[in-house]
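Visitor: Need coordinates for the following:
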Amino acid sequence: METGTVLQLPENEARRALECDGGNRSVDGDATSSNPFAGLVSHLRASWLSGKTRPLEYRVAQLEALGCFLDEKKQQILEATASDLGKAPFEAELSEIFLCKNELHETLNNLSHWMKDKHVDRTLAMQLDSAFIRKDPYGVVLIIAPWNYPIQLFLVPLIGAIAAGNCVIVKPSEVSKNTERLVAEALPGYLDKDCFAVVTGGVQETTRLLENKFDYIFFTGMSQGKEKRPAWILSSLPFGGIGNSGLGLHHGKFSFDTFSHHRGCLKRGMGWESLNAPRYPPYCKKKFGVIQATSKVTRKNDCTLL
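Guide: Purely as a prediction, here's the structure:
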């Protein structure tokens, strides 16, 4: 099985771009006006900025739609993978359908819990505040899939990206032509077209697609020569099977975390500000003693010999 490489690109300034020229400027303004995918990326970004993908109910509905796709297109998937790769029905149903449905059910069973803020330890100066990590979506995500598991290795990352609240463009492998055609023709009928899209083509089309700004690119594949894989075309797009790459980073909660921006948040408890009075002048040893007595942290099993 090919390994995947995760690449997080610098966050684009989409909101600032929308404010330029009275909102008439393209969100992806640095992509050339002739780029065939600029309009699609801008449309998805506008949908994401509207907050449409953030509610739990919306994410669940889109994930359930993926389940319908797997159920209703099962026979077509088996036929396409048999034609492209010579996969036996047993192997195709196990690797391309069964495992994907397991992933989908795991996500649906746990998504509400994964989305919750994670409260973290606070320092002395923040004892009266609330400190937590919030999982926000990145924005517009690109998933580039390989040929050898043409359904599983785009659908499993897609599940994580949808669960995290992103808008997504999927680029299936052009090598598995029948599966690519099936995904391009059938999948958009199940998902919200304002937030999700499928782009097809080879090296030339992928190169033009990568000229646009994405908030996260998830690439699964390996190089097969300079004319085969986009990793050779875009020097900033890594590939291989080390570091942040591999199936482990698009499986279960790892997939949700991969496509989530873990944002550190601190909410100041101003209503308790009167309790901070000992921290302010005039200073005296009595005030320090009060702070020390109420806030000191000691090592366990620490003792003093007299």
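Visitor: quick one: the strands in the stretch 51-200 of the chain?
Guide: 118-119, 130-137, 140-144, 167-171, 196-198 (DSSP state E, counting those that start in this stretch).
Visitor: Tell me who's in contact with the residue nearest to the spatial centre of the chain.
Guide: The residue lying closest to the centre of the chain (Cα atoms, centre = their mean) is Phe259, at 1.7 Å. By Cβ atoms under 8 Å, 6 or more residues apart in numbering, the contact set of Phe259 is Pro137, Tyr138, Val141, Pro157, Gly160, Ala161, Ala163, Ala164, Asn166, Tyr216, Phe218. Just so you know, the C-beta spots here come from the backbone N, C-alpha and C atoms, and that holds for glycine as well.
Visitor: For burial, what's the neighbour tally of the closest residue to Gln76 other than its chain neighbours?
Guide: Leaving aside its chain neighbours, Gln76 sits nearest to Leu182 (5.5 Å; criterion: Cβ to Cβ, 6 or more residues apart in numbering). Counted with other Cβ atoms under 10 Å, the neighbours of Leu182 add up to 21.
Visitor: And Leu182, how far from Asn212?
Guide: The gap separating Leu182 from Asn212 is 25 Å, by Cβ to Cβ, to the nearest Å.
Visitor: Point out where this protein drops to low pLDDT.
Guide: 1-33, 123-125, 221-251, 269-273, 275, 302-306 (pLDDT under 70).
Visitor: Mind doing that once more with 90?
Guide: 1-34, 117-134, 146, 153, 203, 218-306 (pLDDT under 90).
Visitor: ok, of the contacts of Phe259, which come out buried?
Guide: Pro137, Tyr138, Val141, Pro157, Gly160, Ala161, Ala163, Ala164, Asn166, Tyr216, Phe218 (16 or more other Cβ atoms under 10 Å).
Visitor: Dump the strands of the stretch 51-200 of the chain to CSV, plus distance to Val60.
Guide: As requested, those are exported to CSV (distance: least, Cβ to Cβ, whole Å):
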stretch, distance to Val60
strand 118-119, 21
strand 130-137, 15
strand 140-144, 18
strand 167-171, 16
strand 196-198, 15
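Visitor: secondary structure class for Gly201?
Guide: Gly201 falls in the coil class when you classify it by DSSP: H, G, I helix; E, B strand; the rest coil.
Visitor: quick one, what contacts the closest residue to it other than its chain neighbours?
Guide: In this structure, Gly201 finds its nearest non-sequential neighbour in Glu174, 6.2 Å apart by Cβ to Cβ, 6+ apart. Applying Cβ under 8 Å, 6+ apart to Glu174 gives the contacts Glu180, Thr200, Gly201, Gly202.
Visitor: Tell me the most packed of these, by neighbour count.
Guide: For the contacts of Glu174, neighbours were counted using other Cβ under 10 Å, and Glu180 has the most, 23 neighbours in all.
Visitor: which residues sit in contact with the closest residue to that one other than its chain neighbours?
Guide: Excluding the flanking residues, the one nearest Glu180 by Cβ to Cβ, 6+ apart is Pro172, at 4.5 Å. Going by Cβ under 8 Å, 6+ apart, Pro172 touches Ala145, Pro150, Phe154, Thr179, Glu180, Val183, Ala184, Val198, Thr200.
Visitor: Verify the contact between the last one and Leu187 for me.
Guide: No - with contact taken as Cβ atoms under 8 Å, Thr200 and Leu187 are classed as non-touching, separated by 11.3 Å.
Visitor: Helices of the protein, start to end?
Guide: For the chain, the helices defined by DSSP state H cover 14-19, 38-49, 56-72, 74-85, 89-92, 99-114, 152-163, 177-186, 203-209, 253-258, 285-295.
Visitor: Same question for the fifth one: list its buried residues.
Guide: Translated: helix 89-92. Within helix 89-92, the residues that qualify as buried are Ala92, counting by 16+ other Cβ under 10 Å.
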